[in-house]
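In: could you look at this predicted model? Sequence included:
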Amino acid sequence: MVKSSSLFSLLSQIFVFQQLAVLCVSQDFDFFYFVQQWPGSYCDSKQSCCYPTTGKPAPDFGIHGLWPNYNDGSYPSNCDSSNPFDPSSISSIKSQMQSEWPTLACPSGDGDKFWRHEWNKHGTCSEDILDQPGYFQAALKLKQETDLLNVLQNAGINPDGKFYSLTSITKAIRDSTGFTPGLECNVDESGNTQLYQIYICVDTSATNLIECPVLPRGKCSSRIEFPIF
Ligand code: 5GP
Ligand code: 5GP
């Protein structure tokens, strides 16, 4: 007969083993922010910008990143230094990356530096779910699916340097995606508040849009400029 103390020890070991197994397969974040930036608002602010070595990007939203996040608003970062960005992993989608995820920081670059930063800081925190090509491809697909510029233009909201109400921008995106986006503003050189970034929330598989568990503090006023690019 098994003594109760050794039975207890056996059960404890099984319990610990199960917890470890759960830890090994589960991801440590709650959802993704899929963040797109308006190039006109990145460029006409105090920091200014440099066009990529491949030339001026199209007047369209560009991807900033796909960021693992926690429901309380905090987020993990730089999760695995042993899995650094490998440019060869995305060589087959490089031209798409250059048009959809262009870098605008100075000095001009071809994008590798921006993508490296995004993978190392954010992508490594979802590496159990998306490997490097999978991570970048998931973002490209989300950009195509959300098609934000088209959605805004269909609602009469154009990048023409005019001012639009925050509620009209939010509504246009909610009507098309089904979910409320987060909007972030910055300030141009004349002090106007303008539409800088749009946050869309996505589930941990990076495929389904969801209602944001928490919205970023966006610094927008009730009417904001949508600058020309
Ligand atoms: P900033 O301070 O300019 O808003 O953000 C700087 C950087 O911090 C962003 O580019 C991004 O890498 C990270 N970051 C800022 N806010 C968030 C957030 O709410 N969630 C996540 N995951 N990252 C963020
Ligand atoms: P995050 O804000 O994601 O932590 O960091 C953005 C980093 O990527 C900064 O170091 C910034 O200089 C660099 N970067 C390169 N290209 C771009 C760009 O087009 N937009 C933004 N927001 N950051 C860029």
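Out: Cool, the structure landed. Ligands and ions are numbered 1, 2, ... in the order given.
In: where is the longest strand in this protein?
Out: Ranked by residue count and defined by DSSP state E, the top strand of the chain is strand 193-202.
In: for it, C-alpha coordinates in CSV please.
Out: What follows is strand 193-202, C-alpha atoms only, in CSV (Å, rounded to 0.1, in the frame of the first residue of the first chain):
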residue,chain,number,x,y,z
THR,A,193,-3.0,68.7,-32.5
GLN,A,194,-3.1,66.0,-35.2
LEU,A,195,-3.9,62.4,-35.9
TYR,A,196,-0.6,60.5,-35.3
GLN,A,197,-1.3,56.8,-34.6
ILE,A,198,-4.3,54.4,-34.6
TYR,A,199,-4.4,51.4,-32.3
ILE,A,200,-6.5,48.4,-33.1
CYS,A,201,-6.7,45.5,-30.6
VAL,A,202,-6.2,42.0,-31.7
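In: chain center to stretch 200-207: distance?
Out: Here stretch 200-207 is found 10 Å from its chain centre; the criterion is C-alpha atoms, centre = their mean, to the nearest Å.
In: name the residues of it that come out as buried.
Out: Across stretch 200-207, burial judged by 16 or more other C-beta atoms under 10 Å covers 200-202, 204, 206. Where you see a C-beta, it was placed from the backbone N, CA and C, and this is true even at glycine.
In: equivalent analysis for stretch 110-124, please.
Out: By 16+ other C-beta under 10 Å, the buried positions in stretch 110-124 come out as 110-111, 114-115, 118-124.
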